[in-house]
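kindly generate the corresponding structure for this input.
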Amino acid sequence: MAEYFKLESKLKEIQKFAEVGLDDLKSVGMASLEGWLSVKKGYPIFIGGAPHSGKTEFTFELLINWSRLYKWKHFVYCGEGGNVEHIYYELIHKFLEKPYKWANQSERIYAEQFVSEHFVICNHDLDFTIDDFYKTVEKAEKELNIKFDTTVFDPFNDIKDETDMFGGREDKYLAYALKRCRVSSKNNNRIDIVVNHIADVRAVTDKDGNRYMPPALPNEWAGGRTWWRRAFLMLLIYRPPMCLKDENGQPYQENETHVYIQKAKPKGVAKLGVRSIFYDWKKNRYYSYSEYGQQLYSCENPPEANESALLTSQGVF
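Numbers count the residues shown, from 1 in each chain. Here you go, the predicted structure:
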């Protein structure tokens, strides 16, 4: 691996980038996020939020959408999703858009084949360092003859603590672990996703006396500002309390979730801001509202995302 580069060795790449910009961006498959959020292989995604905010649900939504749209395959560690069979059940429910027990035999077989083709679930009863995890991904690829397009480690605090290697300094360990994630994505042309909790956020009280937890700032993720410094694409999932009202004076809906784009890197993949999605517990899916009030569950044929579209698209925070 080269230790340095002269400009001349990268002229072709520079010329291509000058012509097309950041190419091969992919949709996340959610209507209200089109023009605001896209992803690119080779770069990690960090997803954060408070307990019960829908971090895992949102992550699974992304994975199902990418499998439908691009036939992507995923290696998933989900330590808080129940037993392995429970995780597979959730994915099948999301794919079917109805509970497994409500599906007929042909629907079940179709869903089972789809999930089996696109998902491998890691044994979350094992202890993994960050290096152990990516070695396990590599081992699974070789043994199963699969090339994974994404990996998920959820939640990050399940990673075996190695702060003793850094003199007990959590910030130093985090800097190492998150760089390891970044390098893994780049070297494997993959999107490595890490899901994290937030730190203790101080409750606030509104003018009506309602006390609630506001959305965490980027430096209020568990582990502190190292996440903000090391992140590429940084998404906060937040469920607004119904006691609050939106910009039109309407209370937030019980099933409403806000996606905060807190950091967008590499340049052009996303725009900073917040967008609303809504959870349908029967279908186990998120949906958006169109300008006519229609519920849109996904973008089955989304336009190819590109840098100019993201930088010029209009929207309301």
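
can you tell me how far residue 160 is from residue 77?
Taken as Cβ to Cβ, to the nearest Å, the spacing of residue 160 relative to residue 77 amounts to 12 Å. C-beta: built from backbone N, CA, C; applies to glycine.

which of those two has more residues huddled nearby?
Ranked by neighbour count (other Cβ atoms under 10 Å), residue 160 and residue 77 place residue 77 first, with 24 against 12.

quick check: which element contains the more buried one?
In this structure, residue 77 sits in strand 74-78 according to DSSP states H and E.

which other helices and strands contact that strand?
When contacts are defined as 3 or more Cβ pairs under 8 Å, 6 or more residues apart in numbering; DSSP states H and E, strand 74-78 packs onto helix 55-70, strand 119-121, helix 130-144, strand 150-154.

which of these is buried the deepest?
Across the helices and strands packed on strand 74-78, averaging neighbours per residue (mean count of other Cβ atoms under 10 Å) puts strand 150-154 on top, at a mean of 24.

quick one on the thing from earlier: now distance to residue 252 and mean pLDDT too, for the helices and strands packed on strand 74-78, in a markdown table please.
Shown next, in a markdown table, are those (distance: least, Cβ to Cβ, whole Å; pLDDT from 0 to 100):
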| stretch | distance to residue 252 | mean pLDDT |
| --- | --- | --- |
| helix 55-70 | 17 | 97 |
| strand 119-121 | 32 | 98 |
| helix 130-144 | 36 | 98 |
| strand 150-154 | 25 | 98 |
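
now distance to residue 185 too, for these, in JSON lines please.
Listed next are the helices and strands packed on strand 74-78 as JSON lines, based on distance: least, Cβ to Cβ, whole Å:
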{"stretch": "helix 55-70", "distance to residue 185": "15"}
{"stretch": "strand 119-121", "distance to residue 185": "18"}
{"stretch": "helix 130-144", "distance to residue 185": "10"}
{"stretch": "strand 150-154", "distance to residue 185": "9"}
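
got phi/psi on residue 95?
As for residue 95, its main-chain torsions (degrees, to the nearest 10) stand at phi -70, psi -40.

mind checking how far it is from residue 217?
Distance, residue 95 to residue 217, by Cβ to Cβ: 35 Å.

residue 99 too?
In terms of Cβ to Cβ, residue 99 sits 38 Å off from residue 217.

likewise residue 109?
Here residue 109 is placed at a distance of 47 Å from residue 217 (Cβ to Cβ).

do the same with residue 147
Going from residue 147 to residue 217 by Cβ to Cβ gives 37 Å.

neighbour-wise, which of those two wins?
Under the neighbour definition other Cβ under 10 Å, residue 147 and residue 217 were set side by side, and residue 217 has more, 15 against 11.

quick one: the helices in the protein, in order.
Assigned by DSSP state H, the chain shows helices spanning 11-20, 55-70, 84-96, 105-118, 130-144, 170-188, 226-230, 307-312.

nearest to residue 255, out of these?
In terms of Cβ to Cβ, the element of these nearest to residue 255 is helix 55-70, at 11.3 Å.
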